[in-house]
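J.: below: sequence and its predicted model.
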Amino acid sequence: MAKAAKILPEAIPFSYAVLVDLLGKPVDDPAVQAVIAKAGKTKVDSDFIVAKQAGFDFALERKKGVKKKVLDTLFLFSHGADDHSGFAGLPKPFSFADRATLRKAAKPDGAWTVDDGDVAVDHPDSKRDTWKRDGLVIDANYNKEGFARYFTVQGSEESRGGRDLSTHPLHFETKPVDAPKDAELVGMALIVAWSADRFGLPKKHAGATDFAKRAVSPVTFLKKACDSTLTTLDIAPELGDFFFDYTNRLFLGTRAANRDATAGEIKKLLKLERKDERAYTDDFLGTFKGAVKNPFNVPDSWSSVDRIAPILDARWADYQATAMKAAPKLALYEKAAKLRDAVRVTAASVAVAKVETDDALAKTLIGLIGAPVKEAKATLEKAGLPIGKRIDEQANPAAGIAYMGSNLKLAGKTTLCVTAVDFYAAKEKAYIRGLGKEVEFDGYRGSLVLGVKIGDDRKAVAKAFGAPSGTREESDYWYPDKRHRISATFSKRGKLDYIHFSLVEDWEDAPKPPFGPKGIF
């Protein structure tokens, strides 16, 4: 039997003007509290004010530099939408009518679909139409039948602090030990610098003449003038829609298929790792691939702006010509790649202090096994080890040390943890995936544990650790307990070349007594 439709009463009446006037106010503002008190049964949590009996909701957002969240978006519902009574006070000429009727009453300023993004304002199947009225942005959101299911109302972009463009191209990259301070901000800084260089200063930064003259570095400006973040108010107004989609990977959907004819060639020209998605993170990494040894070493300089500028020029020209929905002319990107490669940059780095491999270091590093990488960061960095953000092996060849970062379940949450620590003899070689290359180690010079050192003979190691749990031609291994494993590899002359301290791997059979050596974990 079909479920009976829920019968809802008429909405508690509210003035549209009264509700709109609450935008930008915190929940504890007296005016907001007065409306909540009159709206019937309401629910207030950290993200929403839900007033179903009055036909409206508010979404809450925290503005930059403000501790309290404020009412950011007003939702006005048709009768029955999300179990709301229908809001009865829509301003003219709006109504919960069909798409054609609304457009006849007032021509939209924009339209949008899930697959194609921004579309023509006469698109027959838009998911959302937009009007700009009296400093407000009003959206009609349609159901499958083309009727307005609900409206959203927001303040102007400027009144809301702009749309967030904060982007972090280095988020999944491994940070080397010689990474300069604020390297994570370079990606964002190049955007604001390119905008100022090509289009002039926006209203927000009209007085920043030193930046316009390239007398201030991109990151310095980003930190001081933009508070280390980026919004559409920090760039030229005409670039807002482009960069919002470009930094948020929104040039996808069915429009992506329309660009397949050139996607492969563009991927090669821009040195992209994935299929061309027209995304800023990919373009930043591709632009500096091969120009510096690691993207963390991209310098905070105007030469970096000049190197990425041809790529941004091409993306902007492509957007203007095709809206990223059709295949561009390849000549646009061929020219951009040549101009990019004509600009050289000097990698930025900081001096790395020599790691003192004293007798306590090995024990300290081994003690990190099983700990989250975030918690172990200070100790790893002190040992000259890069900090990865994904499953990878990292190493400091000059100190003869490496470690493995893998995912473990901690308190029910998947967490990147240190799962192994390795020590190498001089001239030993290994491919370190986190560094993306084979390295030759200088050799670990300090004591390890229980008096054992790299270079000790096999009998001395067995005397210190006890009888191995298992042995092979050139290696021995031990299980100190049910959770840990030690594996030692010896040279043909019987000298300790490499030793691996780790958690027991999933593929291993559960270790059985007798356990040893003791006193390591």
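T.: Looks like it arrived, so ask away. None of the values given here were measured: they were computed from a predicted structure.

J.: run through this structure and note the low-pLDDT ranges.
T.: Applying pLDDT under 70 to the chain picks out residues 1-6, 65, 253-257, 353, 357.

J.: and the helices in the stretch 1-150 of the chain?
T.: For the stretch 1-150 of the chain, the helices defined by DSSP state H, counting those that start in this stretch occupy 16-20, 30-38, 99-105.

J.: switch those helices over to a markdown table; also include mean neighbour count and distance to Glu474.
T.: C-beta here means a position set from N, CA and C on the backbone, and glycine is covered the same way. What follows is those, written out as a markdown table (neighbours: other C-beta atoms under 10 Å; distance: least, C-beta to C-beta, whole Å):
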| stretch | mean neighbour count | distance to Glu474 |
| --- | --- | --- |
| helix 16-20 | 16 | 76 |
| helix 30-38 | 14 | 73 |
| helix 99-105 | 16 | 74 |
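
J.: out of those helices, nearest to Ile387?
T.: Closest approach to Ile387 among the helices of the stretch 1-150 of the chain (C-beta to C-beta): helix 30-38, 43.4 Å.

J.: distance from the closest one to the middle of the chain?
T.: 38 Å (C-alpha atoms, centre = their mean, to the nearest Å).

J.: could you list every helix and strand in contact with it?
T.: Applying 3 or more C-beta pairs under 8 Å, 6 or more residues apart in numbering; DSSP states H and E, we find helix 30-38 packed against strand 48-51.

J.: spell out which residues make up each domain of the protein.
T.: Split into domains by automatic domain parsing, the chain comes to 16-155, 183-341, 361-503.

J.: now do the second one: distance to the chain's middle.
T.: Put plainly, it is domain 183-341. Taking C-alpha atoms, centre = their mean, one finds domain 183-341 lying 16 Å from the centre of the chain it belongs to.

J.: how far does that domain stretch from start to finish?
T.: 22 Å (C-alpha to C-alpha, to the nearest Å).

J.: so what's the residue lying closest to Arg103 once chain neighbours are set aside bridging to?
T.: Excluding the flanking residues, the one nearest Arg103 by C-beta to C-beta, 6 or more residues apart in numbering is Asp129, at 7.0 Å. Beta-bridge pairing for Asp129 (DSSP bridges): Ala111, Ala140.

J.: from the chain's centre, how far out does stretch 59-77 sit?
T.: 22 Å.

J.: next, the buried residues of it.
T.: Applying a neighbour-count criterion of 16 or more other C-beta atoms under 10 Å, one finds 60-61, 70-77 buried in stretch 59-77.

J.: Arg160: which of the residues you listed is nearest?
T.: The closest of these, once distances to Arg160 are taken by C-beta to C-beta, is Asp72, at 6.8 Å.

J.: quick one: buried residues of the lengthiest strand in the chain?
T.: If you go by DSSP state E, the chain has its longest strand at strand 413-424. Across strand 413-424, burial judged by 16+ other C-beta under 10 Å covers 415-424.

J.: and the helix or strand following that strand, what does it pack onto?
T.: Using DSSP states H and E, the helix or strand that directly follows strand 413-424 along the chain is strand 429-432. Here strand 429-432 touches strand 392-396, strand 437-440, going by 3+ C-beta pairs under 8 Å, 6+ apart.

J.: how far does the last one sit from the chain's center?
T.: Just to be clear, that refers to strand 437-440. Using C-alpha atoms, centre = their mean, the offset of strand 437-440 from its chain centre is 29 Å.
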